[in-house]
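have a look at this prediction, sequence included:
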Amino acid sequence: MCWSRRTLSGRPGFVALALLHFGEPDGMAYLRHLAAQEVAPLEGLGRDTMQTLGRSEYAVALQIFAHHAMIEREAGGNIGWAVESPVLTFPNPISVCRTAPHSAAARLFVNFVLSAEGQEVIRQGRHLPSRTDVIPLDPDLTKVRGYFLSPHVVAHSLPEWERIGLELFE
């Protein structure tokens, strides 16, 4: 097994998921048991982890983002796909700056991104569309449930998730 050492699409994200899903005491017990499995920490981002998995260097990657798996599989990587809940989800906010020099054009762009046509572009990039009327390329992803992490929660909790990951897995 492997995971990215330093990203939310890796060890810190998995630590967060275990703590959120099982609660603090049971989550820590789960992580201590997992540490005995000697999960390989990889440098780089989640996409790098998927490329390593695609080359069959490891059998399993933990805490990856769906679009990374889809892209690597389509590129010919040796990737199987199992959609399992719970997962971590993150917002991708979009807004127009109050002082934007071309605010009307910026608002048109936001409207496009949020439209069915714009969400189709997002879908073709292997990401999950925000609109329920635009079905993901992998329809199983509509069944996934999980924990929504706001930027505030991530900023506040990420140092602790990283500390736990270092303490237990290195």
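Looks like it arrived, so ask away.

CA only for contacts and neighbour counts going forward, please
Noted.

kindly export the longest helix along the chain (C-alpha atoms) in CSV.
Assignment by DSSP state H gives helix 151-169 as the longest helix of the chain. Extracted C-alpha coordinates of helix 151-169, given in CSV (Å, rounded to 0.1, in the frame of the first residue of the first chain):
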residue,chain,number,x,y,z
PRO,A,151,-11.1,25.8,3.8
HIS,A,152,-11.4,27.0,7.4
VAL,A,153,-11.5,23.5,8.8
VAL,A,154,-8.5,22.5,6.7
ALA,A,155,-6.5,25.5,7.7
HIS,A,156,-7.2,24.9,11.4
SER,A,157,-6.8,21.1,11.4
LEU,A,158,-4.2,20.3,8.8
PRO,A,159,-1.2,20.8,11.1
GLU,A,160,-2.6,18.3,13.6
TRP,A,161,-3.4,15.7,10.9
GLU,A,162,0.1,16.1,9.6
ARG,A,163,1.6,15.7,13.1
ILE,A,164,-0.4,12.5,13.7
GLY,A,165,0.7,11.2,10.4
LEU,A,166,4.3,11.8,11.1
GLU,A,167,4.1,10.4,14.6
LEU,A,168,2.3,7.2,13.6
PHE,A,169,3.7,6.5,10.1
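
pull the residues that contact that helix.
6, 11-13, 15-16, 31-32, 35, 38-39, 90-91 (C-alpha atoms under 8 Å, 6 or more residues apart in numbering).

quick one: mean pLDDT for stretch 30-40?
When pLDDT is averaged over stretch 30-40, the result is 96.

now do the end-to-end distance for it.
17 Å (C-alpha to C-alpha, to the nearest Å).

now stretch 3-13
For stretch 3-13, the separation between the terminal residues is 10 Å (C-alpha to C-alpha).

for the residue nearest the centre of the chain, what are its contacts?
Taking C-alpha atoms, centre = their mean, the centroid of the chain lies closest to Phe65, which sits 3.6 Å from it. Counting by C-alpha under 8 Å, 6+ apart, Phe65 makes contact with Ser9, Gly46.

for the worst-scoring helix or strand of the chain on mean pLDDT, buried residues please.
Sorting the helices and strands of the chain by mean pLDDT, DSSP states H and E puts helix 66-74 at the bottom, at a mean of 84. Applying a neighbour-count criterion of 16 or more other C-alpha atoms under 10 Å, one finds Ala66, His67, His68, Ala69, Met70, Ile71, Glu72, Arg73 buried in helix 66-74.

for these, give me TSV that also has distance to Pro159.
Formatted as TSV, the buried residues of helix 66-74 follow (distance: C-alpha to C-alpha, whole Å):
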residue	distance to Pro159
Ala66	24
His67	25
His68	24
Ala69	26
Met70	29
Ile71	29
Glu72	29
Arg73	32
